[in-house]
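Colleague: Mind looking at a prediction? Sequence and model below.
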Amino acid sequence: MSTVAENPARLEPKPLPVEPAAGTRKLNTAKAIQEAIGAEMEQDDSVFVMGEDVGAYGGIFSSTTGLLEKFGPQRVVDTPISETAFIGLGIGAAVEGMRPVVELMFVDFFGVCMDQIYNHMAKIHYESGGNVRVPMVLMTATGGGYSDGAQHSQSLWGTFAHLPGMKVVVPSNPYDAKGLMAAAIRSDDPVVFMFHKGIMGLPWMVKNQRSIGAVPEERYEVPIGKAKIVREGTDVTIVTLSLSVHHSLDVAEKLADEGISVEVLDLRSLVPLDREAIVAAVSRTGRVIVVDEDYQSFGLSGEIAATLAECDPGLLRSYSRVCVPDVPIPYARELEYAVLPTPARIEAAVRAAVGS
Amino acid sequence: MTVEQTAPPAQLSRDDRRAMLRTMILIRTYEQAILREYHADKSPGFDIGAGLIPGEMHLSAGQEPVAAGVCAHLTADDALTATHRPHHLAIAHGMELRPMTAEIFGRETGLGKGRGGHMHLFDPATHFSCSGIIAEGLPAALGQAFAFRHAGSDRIAVAVAGEGAANQGAFHESLNLAALWKLPVVFVIEDNDWGISVARSASTSIPSNAARAAGYGMPGIRVEGNDVEAVHAAAGEAVARARSGGGPSLIEVHTLRLWGHFEGDAQGYRPDLEGVPGFDPIPGYEQKLIDAGVVTGADLDVMRGWASEQVEDAINYAKNSPRPNPDEALNYVFVEGPQS
């Protein structure tokens, strides 16, 4: 518990460039994340990485590959399978001025450690009246599509976004992942950084072409809380995030040949939610489809509908959602793909919307 | 290594003993004042949410020896994480009474500007924190110890929990990790015999939680008798071990919950209730120090008068402090950007 003045790590860092031109160098999302963490570790000795298999293995989904070799075991720390203890350790280190990046291997594992996350990490700043900061990143893998079953395939970002006190970012591509990770590490607030396994560009999993993209070599930030229109369109707006952005863009490209103009809004952050961008996009098209790999009820898709209704109920000519219906993620491939927000389901939703 | 210890050490100085007694008297005076203020406007009908001090209130009377004996070895640079029953530890660790009391009264001048309450006291000046969730205050101490060691200092973290916490997963995860990484942590279990209404014998499979330390390869000691000098001795060894890089230790102190789990608890479950005041550790220690010629009756009067002044000053400060502005209820969710 150090004040800003006492701790050099808390000195206001020089601002980074915000969303610079992407350039031509291509990386997959996993490498972009590794690069962002490594660059912040070089700048700031208080940044360290901790979690299960983040060292020699490099993270089960390659989020930390190469960091152990570069920074050593004091700063890239493998932990026991004790999520409560090591997430809590991250919190304690953060309140003393360090900037931990703690990996929860699968978001599905939050059940064994949620008390540290929502009752401690997320509440200490508020309970202390702003006197104690928790500048910590909780990095975690989300999503399904590869038959990992009901306990290793969930998205769950709506659960974290529902609970106050933690920022929640959900990048969809390498460029945003690098910039959002830099912003997350440099933030004085706790940030939950949720990457979908399907956007990492892993060689051992089916991947969308958008998992590899242009990433600047320099350090930069993508601001937390800013959505981005990743495709402009006039007939319907898809509000989405993470891997579903890729599917939505694929559908938009396909339907463009038929003269259907689809706008795609990538939320990028859930907390804070860029409500202005959502309202502005829907104001243009009047038709909205929320595509969300999280469970349908009581979550993001409902929150977006509420946001639009509270702003101007007259905005909406149509609203629909393509989410995971309220069922555990099934194992068998045909069952799993029956509930995931697939391109086919998204396409059907677009056709229904423009026909309405 | 599990040992029973009750014998006081020889090396305690006259000043050490007086200081520990003074701390215990300050804590008791504080808790009595909070008790008085808490109930002052909750009658004739008890409404837990009413009055100048609303909400649950877990007072620590009887557990003063733990706080005084452990904190005698700490400076304000050392971290201390406590429980839902935190006042004695906060006071012994040197928390300023004014902002602490203002927080308990829910005022803008409180440590948390009225956002925390008595179970959520966070004090950067003394690196003190507490958690209302059983055993979940322990992991943060590991991180504080990790940060202290990273900085190359000999600062340590003390993690306090009740005996009920020793049956929680967070306790076992924390002991293992602290021992594995030889973190400069001292774990302290306050065994007051009761997890709310459930007797320790009905919740815990072994007679001494200190024995659990062996399972993690760290020294464990149980201190019987609610004796501040025995606590001081055990804590002295454990703190020195942590400071010198020897890793964590576990101390279980058999202490006493003099009052209810929380205020309003009639304690009908407690068969020993009538005899409880007889176990109060403070009169016994006062008499012991009088007999040893360390204090006189007049000294005790001075200590009590000093404690009362400190406490009443803090109570008055809290009562006269502004209440938080409801329009600012959303402030401090985040450091940066919009608050939701």
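Modeller: Okay, I see it. Owing to the predicted nature of the structure, the values given are computational and were not obtained by experimental measurement. Residues are numbered from 1 along each chain as shown, chains lettered A, B, ... in the order given.
Colleague: hmm, stretch B:218-230 touching chain A?
Modeller: No - looking at stretch B:218-230 against chain A by Cβ under 8 Å from any Cβ of the partner chain, there are no contacts, and the closest approach is 14.5 Å. Just so you know, the C-beta spots here come from the backbone N, C-alpha and C atoms, and that holds for glycine as well.
Colleague: For the residue lying closest to A:Tyr319 once chain neighbours are set aside, give me its contacts.
Modeller: In space, and not counting its chain neighbours, A:Tyr319 is closest to A:Val288: 5.3 Å by Cβ to Cβ, 6 or more residues apart in numbering or on different chains. A:Val288 makes contacts with A:Val236, A:Thr237, A:Ile238, A:Val239, A:Ala281, A:Val282, A:Ile304, A:Leu308, A:Leu316, A:Ser318, A:Tyr319, A:Ser320, as judged by Cβ atoms under 8 Å, 6 or more residues apart in numbering or on different chains.
Colleague: export the residues you listed to JSON lines and tack on pLDDT and secondary structure?
Modeller: Converted to JSON lines, the contacts of A:Val288 look like this (pLDDT from 0 to 100; DSSP: H, G, I helix; E, B strand; the rest coil):
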{"residue": "A:Val236", "pLDDT": "98", "secondary structure": "strand"}
{"residue": "A:Thr237", "pLDDT": "98", "secondary structure": "strand"}
{"residue": "A:Ile238", "pLDDT": "98", "secondary structure": "strand"}
{"residue": "A:Val239", "pLDDT": "98", "secondary structure": "strand"}
{"residue": "A:Ala281", "pLDDT": "93", "secondary structure": "helix"}
{"residue": "A:Val282", "pLDDT": "92", "secondary structure": "helix"}
{"residue": "A:Ile304", "pLDDT": "97", "secondary structure": "helix"}
{"residue": "A:Leu308", "pLDDT": "96", "secondary structure": "helix"}
{"residue": "A:Leu316", "pLDDT": "93", "secondary structure": "coil"}
{"residue": "A:Ser318", "pLDDT": "95", "secondary structure": "strand"}
{"residue": "A:Tyr319", "pLDDT": "97", "secondary structure": "strand"}
{"residue": "A:Ser320", "pLDDT": "98", "secondary structure": "strand"}
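Colleague: Out of those, give me the one that has the most neighbours.
Modeller: Neighbour tally across the contacts of A:Val288 (other Cβ atoms under 10 Å in any protein chain shown): the maximum, 31 neighbours, falls on A:Ile238.
Colleague: from the contacts of A:Val288, which single one is nearest B:Leu183?
Modeller: Nearest to B:Leu183, judged by Cβ to Cβ, of these is A:Ile304 at 44.4 Å.
Colleague: ok, which stretches of the chain are helices?
Modeller: Just going to use chain A. Assigned helices in chain A, in chain order: A:29-43, A:67-71, A:83-95, A:114, A:124-127, A:157-162, A:174-186, A:243-256, A:275-285, A:300-311, A:333-339, A:343-354 (criterion: DSSP state H).
Colleague: That was the other one, I meant chain B.
Modeller: Here chain B has its helices, by DSSP H, at B:14-40, B:64-71, B:87-92, B:97-104, B:138-150, B:169-180, B:200-203, B:228-243, B:281-291, B:297-319.
Colleague: which residues touch the shortest one?
Modeller: Counting contacts by Cβ under 8 Å, 6+ apart, the residues outside helix B:200-203 that touch it are B:Glu163, B:Gly164, B:Asn167, B:Asp191, B:Asp193, B:Trp194, B:Gly195.
Colleague: That helix: which residues count as buried?
Modeller: Using 16 or more other Cβ atoms under 10 Å in any protein chain shown as the burial criterion, the residues of helix B:200-203 that qualify are B:Arg200.
Colleague: count of residues packed around A:Ser283?
Modeller: A:Ser283, neighbours per other Cβ under 10 Å, totals 13.
Colleague: That one contacts A:Leu316, doesn't it?
Modeller: No - under the criterion of Cβ atoms under 8 Å, A:Ser283 makes no contact with A:Leu316, lying 10.2 Å away.
Colleague: Whatever residue of the stretch 151-300 of chain B ends up closest to chain A: what's it in contact with?
Modeller: Going by Cβ to the nearest Cβ, chain A is nearest to B:Glu173 of the stretch 151-300 of chain B, at 3.6 Å. By Cβ under 8 Å, 6+ apart, B:Glu173 lies in contact with A:Pro80, A:Ser82, A:Thr84, A:Ala85, B:Pro139.
Colleague: Quick check: pLDDT value at B:Glu336.
Modeller: For B:Glu336, the pLDDT comes out at 83.
Colleague: returning to what we had before: quick one: the residue nearest to A:Tyr319 and chain B, what's the gap?
Modeller: Note on A:Val288: its distance to chain B, by Cβ to the nearest Cβ, to the nearest Å, is 22 Å.
Colleague: beta partners for that residue?
Modeller: A:Thr237, A:Tyr319 (DSSP bridges).
Colleague: Same question for the one 4 residues further on.
Modeller: Judged by DSSP bridges, the bridge partners of A:Asp292 are A:Cys323.
Colleague: what residues are up against it?
Modeller: So A:Asp292 contacts A:155, A:158, A:240-241, A:244, A:299-301, A:321-324, A:341 (Cβ under 8 Å, 6+ apart).
Colleague: just to revisit the earlier point, the helices of chain B: which one's closest to A:Thr24?
Modeller: Closest of the helices of chain B to A:Thr24 is helix B:138-150, at 38.9 Å (criterion: Cβ to Cβ).
Colleague: Could you confirm whether any residue of the closest one contacts chain A?
Modeller: Yes - for helix B:138-150, a contact with chain A is found by Cβ under 8 Å from any Cβ, at B:Leu138, B:Pro139, B:Ala140, B:Ala141, B:Leu142, B:Gly143, B:Gln144, B:Ala145, B:Phe146, B:Ala147, B:Phe148, B:His150.
Colleague: now the strands: where do they sit in the stretch 1-150 of chain A?
Modeller: Per DSSP state E, counting those that start in this stretch, the stretch 1-150 of chain A carries strands over the ranges A:26-28, A:47-51, A:76-78, A:99-106, A:137-142.
Colleague: now these in a markdown table, with mean neighbour count?
Modeller: As requested, the strands of the stretch 1-150 of chain A are exported to a markdown table (neighbours: other Cβ atoms under 10 Å in any protein chain shown):
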| stretch | mean neighbour count |
| --- | --- |
| strand A:26-28 | 19 |
| strand A:47-51 | 25 |
| strand A:76-78 | 21 |
| strand A:99-106 | 25 |
| strand A:137-142 | 26 |
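Colleague: Mean pLDDT and distance to chain B added to those strands, as a markdown table?
Modeller: As requested, those are exported to a markdown table (pLDDT from 0 to 100; distance: least, Cβ to the nearest Cβ, whole Å):
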| stretch | mean pLDDT | distance to chain B |
| --- | --- | --- |
| strand A:26-28 | 97 | 28 |
| strand A:47-51 | 98 | 8 |
| strand A:76-78 | 98 | 8 |
| strand A:99-106 | 98 | 8 |
| strand A:137-142 | 98 | 13 |
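Colleague: possible to save those strands as JSON lines with distance to B:Ala234?
Modeller: Below are those laid out as JSON lines (distance: least, Cβ to Cβ, whole Å):
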{"stretch": "strand A:26-28", "distance to B:Ala234": "55"}
{"stretch": "strand A:47-51", "distance to B:Ala234": "31"}
{"stretch": "strand A:76-78", "distance to B:Ala234": "31"}
{"stretch": "strand A:99-106", "distance to B:Ala234": "32"}
{"stretch": "strand A:137-142", "distance to B:Ala234": "36"}
